[in-house]
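Asks: Generate a structure from the sequence data that follows.
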Amino acid sequence: MKDVPMETAGGPTTQATPEPEPAPADATGRGVVLVTGAAGLVGSHTCRELASHGWTVRALVRSPTKADRRLAGVPVQIVLGDLRSSDTLRVAVRGVDAVVHLAAIAIEKRDESYEDVNAAATIALLDAAHTAGVRRFVHMSQNGASSASPFRFLRSKGAAQDAVVASDLDWTVLRPSVIVGPEDEFVTVLARLVRLSPLVYPVPGGGTAKFQPVSVDDVARVIALSLERADSVRQTYPVGGPAALTLRQMIERVLLAMHAQRILIPVPVALLHPVIAAAQRVLPNPPVTTSLLELLAVDNTVGDMRVWTAFGLVPAPFAPEELTYLRNITVREAWRSLW
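Replies: The predicted structure follows:
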(Lines give C-alpha, C1' and ligand atoms only; values in the text may rest on other atoms or scores of the structure.)
Protein backbone atom coordinates (compact mmCIF):
# COMPACT_ATOMS: atom_id res chain seq x y z
CA MET A 1 0.00 0.00 0.00
CA LYS A 2 1.46 3.33 -1.03
CA ASP A 3 2.00 5.86 1.76
CA VAL A 4 -0.13 8.85 0.82
CA PRO A 5 -2.31 11.04 3.06
CA MET A 6 -6.00 10.71 3.73
CA GLU A 7 -8.18 13.24 2.00
CA THR A 8 -11.55 14.84 2.63
CA ALA A 9 -14.55 13.61 0.62
CA GLY A 10 -15.13 15.76 -2.41
CA GLY A 11 -11.39 16.05 -3.04
CA PRO A 12 -9.05 13.26 -4.15
CA THR A 13 -9.81 9.91 -2.56
CA THR A 14 -6.61 8.08 -1.72
CA GLN A 15 -5.13 5.10 0.00
CA ALA A 16 -4.53 5.60 3.71
CA THR A 17 -1.03 6.03 5.10
CA PRO A 18 0.16 3.87 8.00
CA GLU A 19 0.85 7.16 9.82
CA PRO A 20 -2.23 9.27 9.06
CA GLU A 21 -2.44 12.96 9.75
CA PRO A 22 -4.05 13.72 13.12
CA ALA A 23 -7.76 14.38 12.85
CA PRO A 24 -8.85 18.02 12.97
CA ALA A 25 -9.59 19.32 16.44
CA ASP A 26 -13.19 18.71 17.45
CA ALA A 27 -14.81 21.91 18.68
CA THR A 28 -17.64 20.12 20.50
CA GLY A 29 -15.43 17.60 22.30
CA ARG A 30 -17.32 14.62 20.87
CA GLY A 31 -14.16 13.21 19.35
CA VAL A 32 -13.32 11.16 16.26
CA VAL A 33 -15.56 8.32 15.09
CA LEU A 34 -14.74 5.70 12.46
CA VAL A 35 -17.65 4.61 10.27
CA THR A 36 -17.17 1.42 8.26
CA GLY A 37 -19.26 0.91 5.15
CA ALA A 38 -19.48 4.69 5.01
CA ALA A 39 -20.40 4.88 1.32
CA GLY A 40 -23.36 2.53 1.74
CA LEU A 41 -26.96 3.53 2.30
CA VAL A 42 -26.84 3.52 6.10
CA GLY A 43 -23.21 4.63 6.16
CA SER A 44 -23.68 7.80 4.12
CA HIS A 45 -26.72 8.88 6.14
CA THR A 46 -24.91 8.07 9.37
CA CYS A 47 -21.87 10.14 8.39
CA ARG A 48 -24.11 13.15 7.77
CA GLU A 49 -25.94 12.65 11.06
CA LEU A 50 -22.75 12.23 13.09
CA ALA A 51 -21.15 15.28 11.48
CA SER A 52 -24.26 17.32 12.34
CA HIS A 53 -23.87 16.17 15.96
CA GLY A 54 -20.34 17.54 16.05
CA TRP A 55 -18.31 14.37 15.55
CA THR A 56 -15.17 14.32 13.46
CA VAL A 57 -16.02 11.50 11.05
CA ARG A 58 -13.51 9.13 9.51
CA ALA A 59 -15.14 7.15 6.68
CA LEU A 60 -13.79 3.75 5.67
CA VAL A 61 -14.82 2.98 2.09
CA ARG A 62 -13.80 0.64 -0.73
CA SER A 63 -15.02 2.58 -3.76
CA PRO A 64 -13.72 6.13 -4.26
CA THR A 65 -16.34 6.76 -6.95
CA LYS A 66 -19.17 5.74 -4.66
CA ALA A 67 -17.71 7.76 -1.80
CA ASP A 68 -17.36 10.89 -3.90
CA ARG A 69 -20.99 10.58 -4.98
CA ARG A 70 -22.62 9.64 -1.71
CA LEU A 71 -20.46 11.67 0.67
CA ALA A 72 -20.10 14.82 -1.41
CA GLY A 73 -20.37 17.84 0.83
CA VAL A 74 -20.05 15.83 4.05
CA PRO A 75 -17.05 16.85 6.22
CA VAL A 76 -15.36 13.46 6.55
CA GLN A 77 -11.89 11.99 6.29
CA ILE A 78 -11.82 9.27 3.66
CA VAL A 79 -9.85 6.08 4.32
CA LEU A 80 -9.81 3.90 1.24
CA GLY A 81 -9.27 0.22 1.91
CA ASP A 82 -10.64 -3.27 2.48
CA LEU A 83 -12.14 -4.13 5.85
CA ARG A 84 -10.50 -7.55 5.58
CA SER A 85 -7.00 -6.01 5.48
CA SER A 86 -5.14 -5.75 8.79
CA ASP A 87 -3.16 -2.78 7.42
CA THR A 88 -6.38 -0.96 6.55
CA LEU A 89 -7.85 -1.59 10.00
CA ARG A 90 -4.71 -0.46 11.81
CA VAL A 91 -4.75 2.84 9.94
CA ALA A 92 -8.51 3.32 10.21
CA VAL A 93 -8.72 2.98 14.01
CA ARG A 94 -5.64 5.05 14.80
CA GLY A 95 -6.61 8.00 16.97
CA VAL A 96 -10.36 7.40 16.98
CA ASP A 97 -12.61 7.52 20.03
CA ALA A 98 -15.44 5.36 18.73
CA VAL A 99 -16.30 2.93 15.94
CA VAL A 100 -19.63 2.58 14.14
CA HIS A 101 -19.45 -0.73 12.29
CA LEU A 102 -21.92 -0.86 9.40
CA ALA A 103 -20.00 -2.70 6.67
CA ALA A 104 -21.60 -6.00 5.65
CA ILE A 105 -22.87 -7.78 2.55
CA ALA A 106 -26.30 -9.21 1.85
CA ILE A 107 -25.36 -10.58 -1.58
CA GLU A 108 -22.16 -12.59 -1.97
CA LYS A 109 -19.75 -12.13 -4.85
CA ARG A 110 -16.94 -14.30 -6.13
CA ASP A 111 -14.37 -12.83 -3.74
CA GLU A 112 -16.74 -11.84 -0.91
CA SER A 113 -18.35 -14.45 1.32
CA TYR A 114 -20.67 -13.91 4.26
CA GLU A 115 -18.20 -15.59 6.57
CA ASP A 116 -15.25 -13.42 5.52
CA VAL A 117 -16.95 -10.01 5.30
CA ASN A 118 -19.70 -10.20 7.90
CA ALA A 119 -18.08 -12.37 10.56
CA ALA A 120 -14.28 -12.59 10.25
CA ALA A 121 -13.82 -8.91 9.35
CA THR A 122 -15.89 -7.86 12.36
CA ILE A 123 -13.70 -9.95 14.65
CA ALA A 124 -10.59 -8.40 13.11
CA LEU A 125 -12.03 -4.90 13.58
CA LEU A 126 -12.76 -5.63 17.24
CA ASP A 127 -9.17 -6.76 17.71
CA ALA A 128 -7.83 -3.64 15.97
CA ALA A 129 -10.06 -1.37 18.07
CA HIS A 130 -8.94 -3.10 21.28
CA THR A 131 -5.27 -2.79 20.33
CA ALA A 132 -5.70 0.91 19.48
CA GLY A 133 -7.38 1.61 22.83
CA VAL A 134 -10.80 2.38 21.37
CA ARG A 135 -13.59 1.86 23.91
CA ARG A 136 -16.87 2.72 22.19
CA PHE A 137 -18.26 0.39 19.53
CA VAL A 138 -21.70 0.55 17.87
CA HIS A 139 -22.45 -2.53 15.79
CA MET A 140 -25.12 -2.94 13.12
CA SER A 141 -26.36 -6.50 13.38
CA GLN A 142 -29.56 -7.81 11.79
CA ASN A 143 -33.01 -8.78 12.99
CA GLY A 144 -33.02 -12.58 13.15
CA ALA A 145 -29.22 -12.82 13.31
CA SER A 146 -28.05 -15.90 15.20
CA SER A 147 -24.90 -17.99 15.07
CA ALA A 148 -27.25 -21.02 15.21
CA SER A 149 -29.38 -19.91 12.24
CA PRO A 150 -29.77 -22.38 9.36
CA PHE A 151 -29.36 -19.45 6.95
CA ARG A 152 -25.75 -18.49 6.17
CA PHE A 153 -26.38 -14.75 6.00
CA LEU A 154 -28.08 -14.64 9.40
CA ARG A 155 -25.53 -17.06 10.80
CA SER A 156 -22.64 -14.81 9.73
CA LYS A 157 -24.32 -11.76 11.26
CA GLY A 158 -25.01 -13.75 14.41
CA ALA A 159 -21.36 -14.78 14.71
CA ALA A 160 -20.33 -11.14 14.36
CA GLN A 161 -22.81 -10.05 17.02
CA ASP A 162 -21.60 -12.77 19.39
CA ALA A 163 -18.04 -11.50 19.02
CA VAL A 164 -19.09 -7.91 19.75
CA VAL A 165 -21.05 -8.90 22.85
CA ALA A 166 -18.19 -11.06 24.11
CA SER A 167 -15.66 -8.21 23.72
CA ASP A 168 -14.52 -5.94 26.54
CA LEU A 169 -15.51 -2.81 24.59
CA ASP A 170 -18.39 -0.49 25.48
CA TRP A 171 -20.65 -1.85 22.78
CA THR A 172 -24.18 -1.17 21.57
CA VAL A 173 -25.85 -3.60 19.14
CA LEU A 174 -28.65 -2.58 16.76
CA ARG A 175 -30.78 -5.29 15.12
CA PRO A 176 -32.84 -3.67 12.34
CA SER A 177 -35.54 -5.13 10.17
CA VAL A 178 -35.34 -4.07 6.52
CA ILE A 179 -33.89 -0.55 6.15
CA VAL A 180 -35.42 1.58 3.40
CA GLY A 181 -34.30 4.71 1.61
CA PRO A 182 -33.03 5.91 -1.78
CA GLU A 183 -30.76 3.26 -3.36
CA ASP A 184 -31.47 0.65 -0.69
CA GLU A 185 -31.15 -3.05 -1.48
CA PHE A 186 -34.76 -4.01 -0.90
CA VAL A 187 -37.48 -1.49 -1.75
CA THR A 188 -35.43 -0.03 -4.60
CA VAL A 189 -35.15 -3.55 -6.02
CA LEU A 190 -38.93 -3.95 -5.76
CA ALA A 191 -39.35 -0.68 -7.65
CA ARG A 192 -36.86 -1.66 -10.35
CA LEU A 193 -38.79 -4.88 -10.88
CA VAL A 194 -41.92 -2.78 -11.35
CA ARG A 195 -40.22 -1.01 -14.26
CA LEU A 196 -39.04 -4.33 -15.71
CA SER A 197 -42.46 -6.01 -15.32
CA PRO A 198 -44.81 -3.88 -17.42
CA LEU A 199 -48.03 -5.94 -16.99
CA VAL A 200 -47.76 -8.51 -14.20
CA TYR A 201 -45.64 -8.62 -11.08
CA PRO A 202 -44.56 -11.96 -9.58
CA VAL A 203 -44.96 -12.06 -5.79
CA PRO A 204 -42.75 -14.69 -4.12
CA GLY A 205 -44.69 -17.03 -1.87
CA GLY A 206 -47.84 -15.00 -2.33
CA GLY A 207 -46.29 -12.09 -0.47
CA THR A 208 -46.99 -13.46 3.00
CA ALA A 209 -43.45 -12.85 4.30
CA LYS A 210 -43.47 -10.22 7.06
CA PHE A 211 -41.19 -7.21 7.51
CA GLN A 212 -41.10 -4.07 9.61
CA PRO A 213 -39.47 -1.51 7.31
CA VAL A 214 -37.61 1.34 9.00
CA SER A 215 -36.38 4.58 7.43
CA VAL A 216 -32.62 4.95 6.97
CA ASP A 217 -32.85 8.49 8.40
CA ASP A 218 -34.36 7.10 11.60
CA VAL A 219 -31.65 4.44 11.82
CA ALA A 220 -28.95 7.10 11.43
CA ARG A 221 -30.52 9.10 14.28
CA VAL A 222 -30.54 6.01 16.50
CA ILE A 223 -26.85 5.39 15.76
CA ALA A 224 -25.87 8.97 16.63
CA LEU A 225 -27.87 8.95 19.85
CA SER A 226 -26.45 5.55 20.79
CA LEU A 227 -22.98 7.06 20.80
CA GLU A 228 -24.07 9.95 23.01
CA ARG A 229 -26.05 8.04 25.64
CA ALA A 230 -24.24 6.23 28.42
CA ASP A 231 -27.32 4.12 29.12
CA SER A 232 -27.03 2.49 25.68
CA VAL A 233 -23.70 0.84 26.54
CA ARG A 234 -23.95 -2.97 26.51
CA GLN A 235 -27.50 -2.79 25.26
CA THR A 236 -29.06 -4.57 22.27
CA TYR A 237 -31.90 -2.79 20.50
CA PRO A 238 -34.23 -4.29 17.91
CA VAL A 239 -35.02 -1.56 15.35
CA GLY A 240 -38.19 -1.65 13.27
CA GLY A 241 -40.61 0.82 11.77
CA PRO A 242 -44.02 1.63 13.25
CA ALA A 243 -45.91 -1.16 11.46
CA ALA A 244 -45.39 -4.77 10.44
CA LEU A 245 -46.26 -5.36 6.78
CA THR A 246 -46.40 -8.33 4.46
CA LEU A 247 -44.32 -8.33 1.30
CA ARG A 248 -47.52 -7.93 -0.71
CA GLN A 249 -48.52 -4.86 1.30
CA MET A 250 -45.09 -3.36 0.71
CA ILE A 251 -45.33 -3.99 -3.02
CA GLU A 252 -48.79 -2.39 -3.09
CA ARG A 253 -47.43 0.74 -1.41
CA VAL A 254 -44.49 0.85 -3.81
CA LEU A 255 -46.93 0.73 -6.74
CA LEU A 256 -48.98 3.57 -5.24
CA ALA A 257 -45.85 5.67 -4.71
CA MET A 258 -44.79 5.10 -8.34
CA HIS A 259 -48.29 5.74 -9.74
CA ALA A 260 -48.04 2.31 -11.37
CA GLN A 261 -50.49 -0.54 -11.80
CA ARG A 262 -49.55 -4.20 -12.05
CA ILE A 263 -51.38 -7.49 -11.70
CA LEU A 264 -49.84 -9.21 -8.69
CA ILE A 265 -49.33 -12.92 -9.39
CA PRO A 266 -48.43 -15.21 -6.46
CA VAL A 267 -45.54 -17.52 -7.35
CA PRO A 268 -44.37 -20.36 -5.07
CA VAL A 269 -40.82 -19.87 -3.80
CA ALA A 270 -39.95 -23.39 -4.99
CA LEU A 271 -40.74 -22.37 -8.59
CA LEU A 272 -38.74 -19.16 -8.33
CA HIS A 273 -35.66 -20.86 -6.88
CA PRO A 274 -34.28 -22.31 -10.17
CA VAL A 275 -35.08 -19.06 -12.00
CA ILE A 276 -33.16 -17.00 -9.44
CA ALA A 277 -30.30 -19.50 -9.48
CA ALA A 278 -30.03 -19.15 -13.27
CA ALA A 279 -30.10 -15.35 -13.00
CA GLN A 280 -27.24 -15.49 -10.49
CA ARG A 281 -25.10 -17.34 -13.01
CA VAL A 282 -25.84 -14.86 -15.81
CA LEU A 283 -26.16 -11.45 -14.17
CA PRO A 284 -23.19 -9.66 -12.56
CA ASN A 285 -25.56 -7.89 -10.16
CA PRO A 286 -28.65 -10.07 -9.64
CA PRO A 287 -31.52 -8.25 -7.89
CA VAL A 288 -32.03 -11.19 -5.57
CA THR A 289 -30.19 -14.43 -4.78
CA THR A 290 -31.34 -17.86 -3.72
CA SER A 291 -29.97 -17.15 -0.22
CA LEU A 292 -32.13 -14.03 0.11
CA LEU A 293 -35.11 -15.82 -1.40
CA GLU A 294 -34.87 -18.45 1.32
CA LEU A 295 -34.93 -15.71 3.99
CA LEU A 296 -38.57 -15.03 3.10
CA ALA A 297 -39.32 -17.95 5.40
CA VAL A 298 -38.01 -15.91 8.36
CA ASP A 299 -40.33 -13.50 10.19
CA ASN A 300 -38.53 -10.15 9.95
CA THR A 301 -40.76 -8.20 12.33
CA VAL A 302 -39.74 -6.52 15.58
CA GLY A 303 -41.84 -6.87 18.73
CA ASP A 304 -39.60 -4.77 20.98
CA MET A 305 -40.05 -1.06 20.17
CA ARG A 306 -38.25 0.38 23.22
CA VAL A 307 -35.51 2.00 21.13
CA TRP A 308 -37.93 4.75 20.05
CA THR A 309 -39.14 5.59 23.53
CA ALA A 310 -35.62 5.31 24.95
CA PHE A 311 -34.28 7.82 22.43
CA GLY A 312 -37.38 10.00 22.19
CA LEU A 313 -37.94 9.38 18.47
CA VAL A 314 -41.02 8.72 16.34
CA PRO A 315 -40.22 6.45 13.36
CA ALA A 316 -41.49 7.41 9.93
CA PRO A 317 -44.17 5.17 8.38
CA PHE A 318 -43.67 3.07 5.27
CA ALA A 319 -46.20 5.05 3.27
CA PRO A 320 -46.49 6.01 -0.42
CA GLU A 321 -45.89 9.68 0.38
CA GLU A 322 -42.56 8.69 1.96
CA LEU A 323 -41.53 6.72 -1.16
CA THR A 324 -41.95 9.30 -3.93
CA TYR A 325 -38.23 9.05 -4.77
CA LEU A 326 -39.03 5.69 -6.38
CA ARG A 327 -40.71 7.51 -9.27
CA ASN A 328 -37.27 8.57 -10.48
CA ILE A 329 -36.35 4.97 -11.32
CA THR A 330 -36.50 4.42 -15.08
CA VAL A 331 -36.58 1.26 -17.17
CA ARG A 332 -33.07 2.03 -18.38
CA GLU A 333 -31.73 2.52 -14.86
CA ALA A 334 -33.44 -0.67 -13.70
CA TRP A 335 -31.92 -2.65 -16.56
CA ARG A 336 -28.44 -1.18 -16.11
CA SER A 337 -28.49 -2.04 -12.39
CA LEU A 338 -28.36 -5.72 -13.34
CA TRP A 339 -25.09 -5.33 -15.21
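
Asks: Just the pLDDT at the residue sitting nearest the centre point of the chain, thanks.
Replies: The centre of the chain sits closest to V42, judged by C-alpha atoms, centre = their mean, with a distance of 4.8 Å. Here the pLDDT value assigned to V42 is 97.

Asks: Identify the residue nearest it in space, chain neighbours excluded?
Replies: L102 (5.2 Å; C-beta to C-beta, 6 or more residues apart in numbering). Backbone N, C-alpha and C define where each C-beta goes, glycine included.

Asks: for E49, same thing?
Replies: Closest to E49 by C-beta to C-beta, 6+ apart is A220, at 4.1 Å.

Asks: Show me what the one helix or strand that neighbour maps to is packed up against.
Replies: If you go by DSSP states H and E, A220 is part of helix 216-228. Secondary-structure packing of helix 216-228 (3 or more C-beta pairs under 8 Å, 6 or more residues apart in numbering; DSSP states H and E): helix 41-52, strand 98-101, strand 136-140, strand 170-176, strand 179-180, strand 235-239, helix 306-311.

Asks: what residues does the longest one touch?
Replies: Okay, so that is helix 41-52. 33, 35-38, 57, 59, 61, 70-71, 74-76, 100, 102-103, 140, 179, 181-185, 216-217, 219-221, 223-224, 227 (C-beta atoms under 8 Å, 6 or more residues apart in numbering).

Asks: Same check on the fifth one?
Replies: Applying C-beta under 8 Å, 6+ apart, the set of residues contacting strand 179-180 from outside is L41, V42, F186, V187, P213, V214, S215, V216, V219, F318, L323.

Asks: check contacts around the last one.
Replies: L323 is in contact with V180, V187, R253, V254, A257, M258, counting by C-beta under 8 Å, 6+ apart.

Asks: Which ones among the residues you listed lie within helices?
Replies: Counting by DSSP state H, the part of the contacts of L323 found in helices is V187, R253, V254, A257, M258.

Asks: What's the per-residue pLDDT of the residue of the chain most remote from its centre here?
Replies: Distance from the centre of the chain peaks at L199, with 31.6 Å (C-alpha atoms, centre = their mean). According to the prediction, L199 has pLDDT 93.

Asks: Likewise for R253?
Replies: 98.

Asks: I'd like to know how far it sits from P202.
Replies: 17 Å (C-beta to C-beta, to the nearest Å).

Asks: Comparing these two, which shows the higher neighbour count?
Replies: Shown here are R253 and P202; by other C-beta atoms under 10 Å, R253 has more neighbours (22 against 15).

Asks: show me the contacts for the nearest residue to the more buried one once chain neighbours are set aside.
Replies: In space, and not counting its chain neighbours, R253 is closest to P320: 5.4 Å by C-beta to C-beta, 6+ apart. Counting by C-beta under 8 Å, 6+ apart, P320 touches R253, L256, A257.
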